[in-house]
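In: Structure here, sequence nowhere to be found:
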């Protein structure tokens with residue numbers, strides 16, 4: 001209850017400064033935006049994890065992590081205006097991460113080195129995708145080209161791991177293997193405070209501050225139409 005009271009208190013200045021006929025967001029507005037998020041916290045965490053002894057000890061010899069790359073969280077979000085304050089829609093977001101690892105080692109048999117500088121090469125790819133519903137509350141403004149809102153997506157997440165393995169060690173039974181695993185998923189929760197600015201009636205840009213699958217800040221383009229205005233008036 002304290003959180004709700006604080007939210008209402010912080011909202012008072014927006015209502016007090018806005019006239020009753022504010023139209024920054026309207027009933028019948030259909031809005032879609034495509035965003036990319038930054039920074040990708042998960043990728044930064046993995047970079048740090050690959051430098052730890054716990055990670056290195058899982059391999060046979062001298063480890064080289066040649067790259068940790070991937071696609072930052074990309075989100076597609078749609079919304080329908082219920083009235084000038086509330087909208088409801090869908091949110092879908094996905095990211096992937098690629099980790100290339102080389103494991104250098106010597107082959108030993110009966111305590112004797114019989115081969116040098118063999119390499120096991122691992123290529124990991126992790127993909128995470130989420131989808132959920134997203135209600136938004138819009139703060140009223142007089143100008144149609146400014147839209148400030150707060151919302152949160154709720155849904156499910158699916159994760160996937162792909163592993164490509166190759167080796168220069170001819171003694172290995174399977175020197176070239178590919179694996180595809182379904183990893184445990186979970187809940188998708190993405191709260192955000194957002195702002196949209198339209199250059200005209202239809203096209204603009206938006207920024208969101210919050211948490212979207214490891215990203216804190218999101219930005220992208222937004223498109224808007226009002227379906228209720230396109231309907232013929234009732235006779």
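Out: Yep, that arrived. Predicted, not measured: the structure shown is a model, and the values here were computed from it.
In: and residue 193, how many neighbours?
Out: The number of residues packed around residue 193, counting by other CB atoms under 10 Å, is 12. C-beta here means a position set from N, CA and C on the backbone, and glycine is covered the same way.
In: Report all helices and strands that the helix or strand that contains it contacts.
Out: Element membership for residue 193, per DSSP states H and E: strand 176-198. On a contact count with 3 or more CB pairs under 8 Å, 6 or more residues apart in numbering; DSSP states H and E, strand 176-198 meets strand 86-109, strand 112-139, strand 146-167, strand 203-212, strand 215-226.
In: if I look at residue 140, how far off is residue 85?
Out: Distance, residue 140 to residue 85, using CB to CB, to the nearest Å: 7 Å.
In: What's opposite residue 96 in the beta bridge?
Out: On the basis of DSSP bridges, residue 96 is bridged to residue 71, residue 127.
In: show me what contacts the residue nearest in space to the middle of the chain?
Out: With distances taken as CA atoms, centre = their mean, residue 73 lies nearest the centre of the chain, 3.2 Å away. Contacts here follow CB atoms under 8 Å, 6 or more residues apart in numbering; on that basis residue 73 touches 36-37, 40, 93-95, 212-215, 218.
In: just residue 152 next, same as before
Out: By CB under 8 Å, 6+ apart, the contact list for residue 152 reads 134-135, 189-192.
In: List just the nearest of the residues you listed to residue 157.
Out: Of all those, residue 189 has the smallest distance to residue 157: 9.4 Å, by CB to CB.
In: Looking at the contacts of residue 152, which two lie furthest apart in space?
Out: Farthest pair in those (CB to CB) is 135 and 189. Separation: 12.7 Å.
In: Tally up the residues packed near the closest residue in space to residue 210 that isn't next to it in sequence, please.
Out: Leaving aside its chain neighbours, residue 210 sits nearest to residue 192 (3.0 Å; criterion: CB to CB, 6 or more residues apart in numbering). By other CB under 10 Å, 25 other residues sit near residue 192.
In: picking that back up, and the one helix or strand the residue nearest to the centre of the chain maps to, which residues are buried?
Out: Following DSSP H and E, one finds residue 73 within strand 62-81. Buried positions in strand 62-81, judged by neighbour count with 16 or more other CB atoms under 10 Å: 63, 65, 68, 70, 72-75, 77-79, 81.
In: repeat for stretch 159-178
Out: For stretch 159-178, by 16+ other CB under 10 Å, it's 165, 167.
In: so for that stretch, what's the average pLDDT?
Out: For stretch 159-178, mean pLDDT is 82.
In: what do residue 140 and residue 85 both touch?
Out: Jointly contacting residue 140 and residue 85 under the rule CB under 8 Å, 6+ apart are residue 25.
In: who has more neighbours, the two?
Out: More crowded of residue 140 and residue 85, by other CB under 10 Å: residue 140, with 19 against 16.
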